[in-house]
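Enquirer: Got a predicted model here, sequence first, then my questions.
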Amino acid sequence: MKWRKLGLIYNASGENESLAGYAAVPIAEHLHDDIFRIYFSSRDLQNRSFTNFVDVDLNAPSRVIRISESPVISPGELGAFDDSGSMATWMTAFGDVRYLYYIGWNLGVTVPFRNSVGVCVSEKGGPFRKLYAGPILDRTKEEPHFCASCSVLREDAGWKMWYLNCTGWFKDAGKTMHRYHLKYAESNDGINWSRPGIVSIDYESEFEYAISRPSVLKEGGIYKMWFSSRATESIPTYRIRYAESADGKTWMRKPVDFVGLDVSSSGWDSEMICYPHVFDHKGNRYMLYNGNGYGRTGFGLAVLEEE
């Protein structure tokens with residue numbers, strides 16, 4: 001593949017209390033013509049995650065048309081699974097209902113945090129509302145640590161999800177670090193999920209420890225996934241990777257240089273690129289992604305020039 005970067009699109013800078021900084025994990029939703037709404041996770045001055053949006057024109061994506069006046073999703077009540085943050089991770093539309101899946105954050109004591117996945121719904125274009133006060137994906141007896149970012153496709157046979165699953169924690173130079181890979185789940189309704197224990201993207205080496213934010217498309221009968229990974233050796237900051245599958249369960253990772261998108265020589269995405277969201281519009285394929293600091297420097301856009 002060969003992608004052409006279109007530049008930085010947006011970074012939160014205090015437009016309201018929930019937009020004190022960051023613009024992480026971008027998600028594209030087509031509104032009309034060439035206008036897209038980009039949902040993303042920002043933070044307030046207490047470092048809590050909120051979901052907001054900006055509207056942009058793909059013909060001039062760096063010119064923001066609108067910024068959300070108030071958050072789409074806010075942290076939950078004290079003690080809930082999302083009381084420290086509500087970070088949107090994927091949107092799937094079915095009929096006149098939009099499902100916005102989001103990551104709930106809890107701060108930890110023995111480990112820095114714990115995540116789980118909740119869902120908001122919007123009927124007939126109305127505002128999003130949390131469907132439940134609790135998560136739809138959480139720790140289980142088989143998956144005892146946490147689960148987080150996901151990608152969800154609705155097909156004739158049902159729903160498919162690829163989600164982040166934490167397999168444990170370790171110490172690195174005195175810092176508590178997580179290990180997580182990507183697993184597969186199925187559902188009849190997009191809410192109640194069966195988790196058969198299938199690992200879709202596993203650790204490639206003993207050094208790889210973080211595989212996150214899958215973005216899955218199905219094209220020509222082939223499932224295509226872009227995702228982020230990093231390792232304690234060689235590449236300690238995120239890069240974007242790619243894999244393919246015939247059934248959505250068993251995946252083949254492509255070589256690291258297959259993606260055709262890497263860090264810049266300087267600027268907002270010179271240290272890392274991560275959290276891809278790939279979408280198509282009018283015959284073109286686009287990728288939203290984050291740069292340095294896991295979204296601290298905002299999100300940008302690239303367009304596929306060659307495949």
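Expert: Happy to help now that I have it.
Enquirer: Beyond the biggest strand by length in the chain, next helix or strand please.
Expert: Ordering each strand of the chain by length in residues (DSSP state E) puts strand 158-172 first. Downstream of strand 158-172, the first helix or strand assigned by DSSP states H and E is strand 175-187.
Enquirer: Buried ones in that next one, by neighbour count?
Expert: Within strand 175-187, the residues that qualify as buried by neighbour count (16 or more other CB atoms under 10 Å) are H178, R179, Y180, H181, L182, K183, Y184, A185, E186, S187. Every C-beta, even on glycine, is put in place using the N, C-alpha and C of the backbone.
Enquirer: Next: stretch 2-14.
Expert: For stretch 2-14, a neighbour-count test (16+ other CB under 10 Å) marks W3, K5, L6, L8, I9, Y10, N11, A12 as buried.
Enquirer: closest to A246 among the residues you listed?
Expert: Nearest to A246, judged by CB to CB, of those is W3 at 24.6 Å.
Enquirer: How much space separates the closest one from N284?
Expert: The spacing between W3 and N284, counted by CB to CB, to the nearest Å, is 11 Å.
Enquirer: Quickly list what's touching both of these two.
Expert: With contacts taken as CB atoms under 8 Å, 6 or more residues apart in numbering, W3 and N284 have V303, L304 as neighbours in common.
Enquirer: Surely F279 forms part of a strand?
Expert: Yes. Per DSSP: H, G, I helix; E, B strand; the rest coil, F279 lies within a strand segment.
Enquirer: For the closest residue to V64 other than its chain neighbours, give me its contacts.
Expert: Spatially, and ignoring its direct neighbours in sequence, V64 is nearest to V54 (4.9 Å; CB to CB, 6 or more residues apart in numbering). Neighbouring residues of V54 by CB under 8 Å, 6+ apart: I9, Y10, R37, I38, F40, V64, I65, R66, I67, S68.
Enquirer: Give me the phi and psi for V54.
Expert: Dihedral pair for V54: phi -130, psi 150, per degrees, to the nearest 10.
Enquirer: That one bridge partners, please.
Expert: Per DSSP bridges, the residues bridged to V54 are I38, I67.
Enquirer: roughly how far apart are it and R230?
Expert: The gap separating V54 from R230 is 27 Å, by CB to CB.
Enquirer: for G298, same thing?
Expert: G298 is 20 Å from R230, by CB to CB.
Enquirer: in a helix, that's where G293 is, yeah?
Expert: Yes. With three-state DSSP as the criterion, G293 is located in a helix.
Enquirer: how about the helix or strand R213 falls within as CSV, C-alpha atoms only?
Expert: Per DSSP H and E, R213 falls inside strand 208-219. Extracted in CSV, the C-alpha atoms of strand 208-219 (Å, rounded to 0.1, in the frame of the first residue of the first chain):
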residue,chain,number,x,y,z
GLU,A,208,5.5,-7.3,21.3
TYR,A,209,3.1,-6.4,24.2
ALA,A,210,0.4,-4.0,22.9
ILE,A,211,-1.9,-4.7,20.0
SER,A,212,-4.9,-2.4,19.8
ARG,A,213,-7.6,-0.4,18.0
PRO,A,214,-8.6,-2.7,15.1
SER,A,215,-10.3,-1.2,12.1
VAL,A,216,-12.0,-3.9,9.9
LEU,A,217,-13.5,-3.7,6.4
LYS,A,218,-14.8,-6.5,4.3
GLU,A,219,-14.0,-6.3,0.6
